[in-house]
Structures are given as C-alpha cells and as structure tokens.
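S.K.: Here you go, sequence then predicted model.
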Amino acid sequence: MKLATLRTAGTTRAVRLDGDALVDLGVPDVGTLLGQDDWAERAATTTVANAETYAVDGADYAPLVLQPSKVVCVGLNYRNHIQEMGRDLPEHPTLFAKFADALIGAGDDILRPEETDQFDWEAELAVVIGTRVRRARGEEAERAIAGFTVLNDITCRDWQFRTREWLQGKMWDSSTPVGPYLVTPDELPGGVRPALDVRLTVDGEVMQSDTTADLLFDPVALVEYISTTTRLNPGDIIATGTPGGVGHARKPGRYLLGGETVVAEIGGIGRLENRVVKEKSA
C-alpha cells in the first residue's frame, strides 16, 4: 500500500493511493491512522466504492505524519558518506533528533534561514513506525516497521559544527521535506531491509546517487537500537542517514543559496520536489 496525508479544503486527510485516485481513510493524517490497531486492514479495505476520493493530479501533500512524537535521525550510516566526511566507520549508530516544526510536505518550499551560509542537502530513506515498541528485537522490530518514505535532511552545516552536538544544525523550522507516501514493506524489494536507488538533484544536476543496500545499520537494526533507549510510537520517524555527495564534502563546498529546486527520490517510494526560498525574518 501507499499512504499519504493530503491537504484539502482547509484540512488534512489520510489517504491511500488507488490507481489515479486518493481514497479518504477517515482520519486527518497517517500518524493518526497508524495509532489504530487495525490500521492496515482499515486502509486496505477502504475503497473508491465506499469512501470519498481525490485526484492524484495536483495533490497537495502535507508532511506524512503531522505530529510524530519523535523524529530520530541517524548520521554517518553510508560507507561512502562516512569516507567523504573523513571519519572512521562507527561501532554504533550516531543519533540526533528533529522536531515536528521542521517537517514540510513533499512539494512545499524549503525555508533557507538568513543565519546560515552553509545550507546543505541530504536525501534519506526514512522508517515510519506502526506500533508501539520498547527494546524490540528480531521479528518484533520487523513488525514495528509500518513502511518507508523519503526525507531530505536539510542541514545548516555552519551551525551543525559549532559544537560536537549536531542538533542546532538540523532542527530549523520548515526545512525538512518528508513524504509523499508511506510504502509498506511488502511492496519493496528486500521488505524491511529494502535495496532501493536513492538520488538527489539540484536544478537538474545529480548530487547524490546510491542504493540503500549500502546502509551500515539497516532499518531493523536501527529500530532495535533506538527502541532500547526510548519507546517508539506509531507515526514516529527514523531517518536512516544519507549517502555521499553532500555539498559540505565537496571542494570547494557547495550550498543552497535560494531559488534552487531540490529533488530527492527513492525508487519504489516517491519523490520530493522543493524550491529553496529565503526565509523572511519577522
């Protein structure tokens, strides 16, 4: 299944893709849907015959989950990205966080804050949690994965590296596109450990191109590790890290100045297409 959160008539609706239609699932967003024990059955059995529908063409996608209880991100999780940043392979996942205010929809503008001179891109496979778990292992961790989506971990590098902690470079308001779809593991090669092409372009120029098969810590291992420290709730998002090709690692560095169109896409899941717009200070 492919699920999304759609903006329509001043509100939002969780929907399922059914051919060229988006079928209303009766709740305001995918996060709310995942909070129901029977979410998969409900989504699968709601059809164009028994629910309101919307056209795919021209759809305005909201962030996939409007208010996740947490967004956990993983740094340095592709071997080639670790090498380009001049670091050793980590023994454990490198974790940081984002907040719901950072998330935007698949076609929304990315706000470039005036406080940064090093605004960078990071295309990522993201895990979406479908059931509450703590200290999950093996099959329990696998079952906790509702599906996968696309996330662009836009980063203010100059702020990220002000200290040893990365949070202040990663949490900027309205900076992180996520969506458009949650795709369930049964639709993807590799299932809960998918092998998918990842690609990012800036104004049509390819900046990142890799496969999720290069992940050092796979999605199941990340669910196991993160759920050891904190419970994971339905709708929580885990961004699994980015491959090589980020602007900060280039010589000289390349950054988003404003006006660019950034496209992040993952085969079998979907595409984020966002324009970078300079944020106007209040």
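M.R.: Yep, that arrived.

S.K.: hey, which helix is longest across this protein?
M.R.: Counting residues, the longest helix found in the chain (DSSP state H) is helix 219-229.

S.K.: which other residues reach the following helix or strand past that helix?
M.R.: The element immediately downstream of helix 219-229 (helix or strand, assigned by DSSP states H and E) is strand 237-239. The list of residues contacting strand 237-239 from outside it, by C-beta atoms under 8 Å, 6 or more residues apart in numbering, reads 64-65, 68, 70-74, 98, 124-129, 149, 151, 153, 178, 219, 222-223, 226, 232. Placement of C-beta: from N, CA and C, glycine included.

S.K.: what are the pairing partners of strand 237-239, and which direction each?
M.R.: Applying DSSP bridges, strand 237-239 is found paired with strand 71-75 (parallel), strand 123-129 (antiparallel).

S.K.: Kindly calculate the angle that the longest one makes with helix 219-229.
M.R.: With axes from the mean of the first three to the mean of the last three C-alpha atoms, to 10 degrees applied, the angle from strand 123-129 to helix 219-229 works out at 60 degrees.

S.K.: buried residues in the helix or strand just after strand 123-129?
M.R.: For strand 123-129, the succeeding helix or strand toward the C-terminus, using DSSP H and E, is helix 139-143. Taking 16 or more other C-beta atoms under 10 Å as the neighbour-count basis, helix 139-143 is seen to contain the buried residues 140-142.

S.K.: Quick one: list the elements packing against helix 139-143.
M.R.: For helix 139-143, the contact count by 3 or more C-beta pairs under 8 Å, 6 or more residues apart in numbering; DSSP states H and E identifies helix 219-229 as packing neighbours.

S.K.: ok, and for the helix it packs on, which residues are buried?
M.R.: Under the neighbour-count criterion of 16+ other C-beta under 10 Å, helix 219-229 has 219-220, 222-227 buried.

S.K.: Stretch 255-274 too?
M.R.: With burial defined by 16+ other C-beta under 10 Å, the residues of stretch 255-274 counted as buried are 255-256, 260, 262-272, 274.

S.K.: Which pair of those residues spans the longest distance?
M.R.: Longest distance between any two of the buried residues of stretch 255-274 is 29.8 Å, between 255 and 268; criterion C-beta to C-beta.

S.K.: Show me the shaky parts of the stretch 151-282 of the chain.
M.R.: 282 (pLDDT under 70).
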